[in-house]
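Colleague: Okay, here's the prediction I keep looking at, along with the sequence it came from:
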Amino acid sequence: MSGFVEKPEPLQVPGLVHLHTGKVRELYRDEAGDLVMVASDRTSAYDWVLPTEIPDKGRILTQLSLWWFDQLADLVPNHVLSTELPAGAPADWAGRTLVCKSLRMVPVECVARGYLTGSGLAEYKVSRTVCGLALPEGLVDGSELPAPIFTPATKAAVGDHDENVPYEEVARQVGADTAAELRRKTLDVYGRARDIARERGIVLADTKFEFGYEDETLVLADEVLTPDSSRFWPADRWQPGRAQPSYDKQFVRDWLTSAESGWDRTSERPPPPLPQEIVEATRAKYVEAYELLTGTAWS
């Protein structure tokens, strides 16, 4: 069992039709047929959307995505039409709302990895491969790969795991030409972002993108290069052979699996609320990542 500990009731706004409640975002359609994405402060761990929110998280994800879209504009178009609030929307939506193009979404999580960790490391330990791609012997947790690799995954519903799949499966599902374009754009964007992050003292270990088509044009969608969709590590503390410190919700994961939480992640019991010190430490990590990457203070 997993999913929402307490599934929220979406806010009803005149002129907007609610379409979907995700782990973090609420999705609406406006009268013009465009999508309205609202990033909440919800957080998730171990396939559960937790009952405790992280203040400002949705705004940080939204503003960081907008910054990255600007850095990547010459590589790939994005789905953002406006950041103006729809008429009648609550003031709390300011800074966390994007009006976006309605795209024909590709049903693939486009993952780029430049370093070995996470599910890629688990597969490597068994077969010396990641998503079927052969890798050299001798790599450890945190090793930089000889070159970035495209390791796609299927998109899962809330409460389920995304599942890594071989490139050949993506080509079977969406066609060879689309699969090739997804791989090329994913690695192009990852390469640009990796270099920008490195200049700011951050290792971009891996990240995932979502793409959709506007007519025949591939467009970058959803959030991009945030601590929720990427592994960011402090470059001055990167040390292969161990788990790396990171700019994400690791404080949340660590507390949930600690004796203090009293929660057994193998049970069907939902996780407990987070203590205030874990909330504050997690928020601080999101703010730190934003400030290091953008070079501007969070306010």
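Modeller: Structure received.

Colleague: Need the residue closest to the centroid of this protein.
Modeller: Closest residue to the average C-alpha location of the chain: Ser229 at 1.7 Å, with C-alpha atoms, centre = their mean.

Colleague: contacting residues around that residue?
Modeller: Ser229 makes contact with Thr207, Lys208, Phe209, Asp222, Glu223, according to C-beta atoms under 8 Å, 6 or more residues apart in numbering. For every residue, glycine as well, the C-beta is placed using N, CA and C.

Colleague: Pick the one among those closest to Asp248.
Modeller: Nearest to Asp248 among the contacts of Ser229, counting by C-beta to C-beta, is Thr207 at 11.6 Å.

Colleague: is it fair to say the closest one lies in a strand?
Modeller: Yes - assessed by DSSP: H, G, I helix; E, B strand; the rest coil, Thr207 belongs to a strand.

Colleague: How many residues are close by the closest residue to Thr178 other than its chain neighbours?
Modeller: The shortest distance from Thr178 to any non-neighbouring residue, by C-beta to C-beta, 6 or more residues apart in numbering, is to Val106 (6.8 Å). If you count neighbours by other C-beta atoms under 10 Å, Val106 ends up with 24.

Colleague: longest helix of this protein?
Modeller: As assigned by DSSP state H, the longest helix anywhere in the chain is helix 176-199.

Colleague: which parts of it are buried?
Modeller: Within helix 176-199, the residues scored as buried using 16 or more other C-beta atoms under 10 Å are 178-179, 181-183, 185-187, 189-194, 196-197.

Colleague: avg pLDDT for it?
Modeller: Here helix 176-199 scores 98 as its mean pLDDT.

Colleague: Packing partners of whichever helix or strand Glu280 is part of?
Modeller: Taking DSSP states H and E as the criterion, Glu280 maps to helix 276-294. In this structure, helix 276-294 packs against helix 57-71, strand 202-214, helix 250-256, with contacts taken as 3 or more C-beta pairs under 8 Å, 6 or more residues apart in numbering; DSSP states H and E.

Colleague: Any buried residues in the last one, and which?
Modeller: Neighbour-count burial for helix 250-256 flags Gln250, Phe251, Val252, Trp255, Leu256 (criterion: 16+ other C-beta under 10 Å).

Colleague: Please state the offset of that helix from the chain centre?
Modeller: Relative to its chain's centre, helix 250-256 lies at 17 Å (C-alpha atoms, centre = their mean, to the nearest Å).

Colleague: Repeat that for stretch 165-183.
Modeller: Mean C-alpha position of stretch 165-183 versus that of the full chain (C-alpha atoms, centre = their mean) differs by 21 Å.

Colleague: just for this structure, where's the confidence low?
Modeller: 1-2, 156-161 (pLDDT under 70).

Colleague: re the thing from before, correct me if wrong: the residue nearest to Thr178 contacts Phe211.
Modeller: Yes - Val106 lies in contact with Phe211 (C-beta atoms under 8 Å); the separation is 5.1 Å.

Colleague: Overlap of the contact sets of these two?
Modeller: Taking C-beta under 8 Å, 6+ apart as the contact rule, Val106 and Phe211 both touch Leu182.

Colleague: so what's Pro152 up against?
Modeller: With contacts defined as C-beta under 8 Å, 6+ apart, Pro152 is in contact with Val108, Glu109, Cys110, Val111, Cys131, Asn164, Val165, Tyr167, Glu169, Val170, Leu182.

Colleague: Using JSON lines, lay out the buried residues of helix 250-256 together with distance to Gly120.
Modeller: Putting those into JSON lines (distance: C-beta to C-beta, whole Å) gives the following:
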{"residue": "Gln250", "distance to Gly120": "17"}
{"residue": "Phe251", "distance to Gly120": "23"}
{"residue": "Val252", "distance to Gly120": "22"}
{"residue": "Trp255", "distance to Gly120": "25"}
{"residue": "Leu256", "distance to Gly120": "23"}
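
Colleague: give the contact list for Gly88.
Modeller: Gly88 neighbours (C-beta under 8 Å, 6+ apart): Val13, Pro14, Gly15, Leu16.

Colleague: Skipping adjacent residues, who's closest to Pro14 in space?
Modeller: Gly88 (4.8 Å).

Colleague: so how far is Ala45 from the one you found?
Modeller: To Ala45, Gly88 is 34 Å away according to C-beta to C-beta, to the nearest Å.

Colleague: on that earlier part again, in strands, which of the contacts of Pro152 fall?
Modeller: Taking DSSP state E, the ones among the contacts of Pro152 that sit in strands are Val108, Glu109, Cys110, Val111, Asn164.

Colleague: Surely the second one is in contact with Thr154?
Modeller: Right, Glu109. Yes - counting by C-beta under 8 Å, Thr154 is a contact partner of Glu109 at 7.0 Å.
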